[in-house]
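A.B. asks: Requesting a structural model of the entry that follows:
(chains A, B, C and D)
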Number of protein chains: 2
Amino acid sequence: MVKTVAERADILPVLGEVFREHGFEGASLAVIGERTGLGKGSLYHFFPGGKEEMAEAVLTEIDAWFATHIFRPLREEKDAARAIGRTLKAVEDYFRSGRRVCLVGALALNDSRDLFARRIKSYFADWNEALTAALTRAGHDRKTARALAEDALAAIQGGLVMARAMNDPALFQRALARTRGRLLEG
Amino acid sequence: MVKTVAERADILPVLGEVFREHGFEGASLAVIGERTGLGKGSLYHFFPGGKEEMAEAVLTEIDAWFATHIFRPLREEKDAARAIGRTLKAVEDYFRSGRRVCLVGALALNDSRDLFARRIKSYFADWNEALTAALTRAGHDRKTARALAEDALAAIQGGLVMARAMNDPALFQRALARTRGRLLEG
DNA sequence: CGGCTTGTGTACCGGTCGGTAAAGTGTTAT
DNA sequence: ATAACACTTTACCGACCGGTACACAAGCCG
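C.D. replies: Predicted coordinates:
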């Protein structure tokens, strides 16, 4: 018997992609097993709670990634404008310049939202709060900072939807560019 | 035996809501039957092609609604600014001020997109083209008109995602208000 | 009346769903 | 050596999936 995977954490990225591509309901244990190379037994060994626990784990990992690479820099970095610019670039990379979908946004749209409502909500709330903080530090008053942040998040999500709908990643990149302009030169 | 439905067209709105709530894959024949009040026999009488034909029919109906209430006014109405304002209001009503999801956008995000790729693409392309035409008539040069239209569509889709994610329809309404500002006073 | 069309209800099909059970195989610690 | 642990394989479960077949009930039309 060969250990096919070193740690549970190693398969989370694969799980993430599967959920992104097929959604929560569409990601059957068959395709999950195929993509991860793990049988049901192994999957249920790592995730006794089944698909739901898998998705929770993926969301937790996403939360951690954003906290490290987006939220914290936005909140803590001295040069707020620089932090905004850098995190926008990080977002562009994260979403593969529009070729990758936002799992949290995708989950929000159909009825699997109810299963993960708290996580979905806090993901956007944290992002909004962090971006608002940076914008405030950059000189905007609290109210316009909040509006700008909200607008930026919607533009990003909308850009991802449009890029995927039109099968044209450039749509997302242009949306990001407009957002950058509004946040930094607006 | 009582005829439970007058015409096939009468059940399209119900089908639309079911697909919006559950997605294409999540909308099982069981829940479709339950919500429409029709058994499988009747459903397959009206839609011999099954779920796929149902979704196609819904998308066709959506296309028709938007063509009448959004695209045509944008393209043809004399007062372009007025047309933009009115169609934005129509969009707000259509999406129930953020309580309703965009079926086309939702389909675009998971892998059922491939089934309806052409329809999804043309929905946004038509919208973009019509809005661009109105903005051009309102005095913008072609290039900024195109960018403004693209931005507006992304903002709308993003607003819907955010409203649903945060369970707060006001998010969509604020996104629409900002869009109105950019299109008409920008 | 009798046939025809248009719906409808129901039983059923093979396949897939998420999930469970348990035996077995390696590795590691004692 | 052996026992404990970590992981995998396989077979299996009942429920549900989308879809089909078909008998049948009502309205219509001659």
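
A.B. asks: count of neighbours near the residue of chain A found nearest DNA strand D?
C.D. replies: With Cβ to the nearest atom of the strand as the measure, A:Gly41 is the residue of chain A nearest to DNA strand D, at 1.9 Å. Placement of C-beta: from N, CA and C, glycine included. By other Cβ atoms under 10 Å in any protein chain shown, 8 other residues sit near A:Gly41.

A.B. asks: Could you measure from it over to A:Phe24?
C.D. replies: Counting by Cβ to Cβ, to the nearest Å, the separation of A:Gly41 from A:Phe24 is 22 Å.

A.B. asks: try A:Val18
C.D. replies: In terms of Cβ to Cβ, A:Val18 sits 10 Å off from A:Phe24.

A.B. asks: Now do the helix or strand hosting A:Gly85: distance to the chain's middle.
C.D. replies: Assigned by DSSP states H and E, A:Gly85 falls within helix A:80-94. Its chain's C-alpha centre and that of helix A:80-94 lie 14 Å apart, by Cα atoms, centre = their mean, to the nearest Å.

A.B. asks: got it, and stretch A:167-176?
C.D. replies: 16 Å.

A.B. asks: buried sites along that stretch?
C.D. replies: Of all the residues in stretch A:167-176, those buried under the rule 16 or more other Cβ atoms under 10 Å in any protein chain shown are A:169, A:171-176.

A.B. asks: Please apply the same query to stretch A:102-120.
C.D. replies: A:102-110, A:112-113, A:116, A:119-120.

A.B. asks: From these, list the ones also adjacent to chain B.
C.D. replies: A:104-106, A:108-110, A:112-113, A:120 (Cβ under 8 Å from any Cβ of the partner chain).

A.B. asks: Tell me, how many residues neighbour the nearest residue to A:Ala149 once chain neighbours are set aside?
C.D. replies: Nearest residue to A:Ala149 in three dimensions, chain neighbours excluded: A:Leu131, at 3.9 Å (Cβ to Cβ, 6 or more residues apart in numbering or on different chains). Neighbour count of A:Leu131, defined by other Cβ under 10 Å: 26.

A.B. asks: Now do A:Leu131, the pLDDT please.
C.D. replies: pLDDT for A:Leu131: 98.

A.B. asks: how about A:Gly49, what does it touch?
C.D. replies: Shown in contact with A:Gly49 (Cβ atoms under 8 Å, 6 or more residues apart in numbering or on different chains): A:Glu56.

A.B. asks: I meant A:Thr132, not that one.
C.D. replies: A:142, A:145-146, A:148-149.

A.B. asks: same thing but at 6 Å, please
C.D. replies: Applying Cβ atoms under 6 Å, 6 or more residues apart in numbering or on different chains, we find A:Thr132 in contact with A:145-146, A:149.

A.B. asks: A:Arg113 too?
C.D. replies: By Cβ under 6 Å, 6+ apart, the residues touching A:Arg113 are A:Leu107.

A.B. asks: what does A:Glu92 give?
C.D. replies: Counting by Cβ under 6 Å, 6+ apart, A:Glu92 touches A:Leu176.

A.B. asks: can you rerun that using 10 Å?
C.D. replies: A:98, A:156, A:172-173, A:176-177, A:180 (Cβ atoms under 10 Å, 6 or more residues apart in numbering or on different chains).

A.B. asks: Nearest to chain B, out of these: which one, please.
C.D. replies: Of all those, A:Ile156 has the smallest distance to chain B: 6.9 Å, by Cβ to the nearest Cβ.

A.B. asks: Would you mind listing the buried residues in the strand or helix carrying the closest one?
C.D. replies: Per DSSP H and E, A:Ile156 falls inside helix A:142-166. Neighbour-count burial for helix A:142-166 flags A:145-166 (criterion: 16+ other Cβ under 10 Å).

A.B. asks: what's the burial count for the nearest residue to A:Phe71 once chain neighbours are set aside?
C.D. replies: Once flanking residues are discounted, A:Phe71 sits nearest to A:Ala130: 4.1 Å by Cβ to Cβ, 6+ apart. Neighbours of A:Ala130 under the rule other Cβ under 10 Å: 22.

A.B. asks: and A:Ala130, what does it touch?
C.D. replies: Here A:Ala130 is in contact with A:66-67, A:70-76, A:83, A:87, A:149 (Cβ under 10 Å, 6+ apart).

A.B. asks: again, only this time at 8 Å
C.D. replies: By Cβ under 8 Å, 6+ apart, the contact list for A:Ala130 reads A:70-72, A:74-75.

A.B. asks: could the residues you listed go into TSV alongside distance to A:Glu185 and pLDDT?
C.D. replies: Formatted as TSV, the contacts of A:Ala130 follow (distance: Cβ to Cβ, whole Å; pLDDT from 0 to 100):
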residue	distance to A:Glu185	pLDDT
A:Ile70	21	98
A:Phe71	23	99
A:Arg72	24	98
A:Leu74	18	98
A:Arg75	22	98
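
A.B. asks: what does chain A have sitting close to DNA strand C?
C.D. replies: Neighbours of DNA strand C within chain A, by Cβ under 7 Å from any atom of the strand: A:1, A:3, A:25, A:27-31, A:40-41, A:44, A:48, A:50-52.
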